[in-house]
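[1] okay, sequence plus prediction incoming.
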Amino acid sequence: MKGAWITTAATVEQMCIGPTAAWLGLVFGPRRVLMVSASAFGLASALIPFSPSLTWVLVGQVVAGLSSGTFIPLTIWPMAGAWLISLVFFTIRHLRPADAMTFGVVLQTARLLGGDEGTAFMQTYLRVRKQLDSNRWGGT
């Protein structure tokens with residue numbers, strides 16, 4: 001049961017560092033932050049196999065998760081632009097609290113599934129959501 005913490009340690013840290021990574025990229029520049037993150041990730045990944053106990057494996061996973069969590073925000077941010085962030089915040093702000101929580105859970109589940117499965121999961125959710133909204137408001 002303790003082994004389940006190995007992947008959880010990295011995943012939780014990746015999700016937590018995202019907003020901070022965007023800020024760090026704006027303050028110090030994406031290139032500097034990515035160089036430090038890539039170095040820390042490489043070092044943690046190289047040292048994890050030599051860990052003497054589960055505690056040190058978890059510490060290595062936390063460091064690897066924190067450092068790898070900066071990759072997505074800092075590499076997609078220049079391509080996506082501010083309009084995408086504005087669209088997401090606009091959408092979430094106009095949802096009811098229960099819908100916003102559901103959207104967050106679906107988004108994280110799609111992220112965990114990854115790749116084609118995550119995309120299909122998110123598209124299915126949006127299709128069902130659109131159908132439910134059209135039934136609720138009498139649209140087509």
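    Thanks, I have it. The shown structure was predicted, so the numbers you read here are calculated from the model rather than taken from an experiment. Numbering: from 1, shown residues only.
[2] domains in this structure, by residue range?
    1-80, 95-140 (automatic domain parsing).
[3] highest mean neighbour count out of those?
    The highest mean neighbour count among these, using mean count of other CB atoms under 10 Å, belongs to domain 1-80: a mean of 15. The way it works is simple: take the backbone N, C-alpha and C, and place the C-beta from them, glycine included.
[4] now find how far off-centre it is within its chain.
    Distance, stretch centre to chain centre, for domain 1-80: 11 Å (CA atoms, centre = their mean, to the nearest Å).
[5] just stretch 113-127 next, same as before
    The answer for stretch 113-127 is 15 Å, by CA atoms, centre = their mean.
[6] and L113, how far is that from T119?
    9 Å (CB to CB, to the nearest Å).
[7] ok, S67 next?
    26 Å.
[8] nearest spatial neighbour of W5, chain-adjacent residues omitted?
    What sits nearest to W5 in space, not counting adjacent residues and going by CB to CB, 6 or more residues apart in numbering, is L58, at 5.9 Å.
[9] what's the helix or strand containing V105 packed up against?
    Using DSSP states H and E, V105 falls within helix 97-113. Applying 3 or more CB pairs under 8 Å, 6 or more residues apart in numbering; DSSP states H and E, we find helix 97-113 packed against helix 71-93, helix 115-137.
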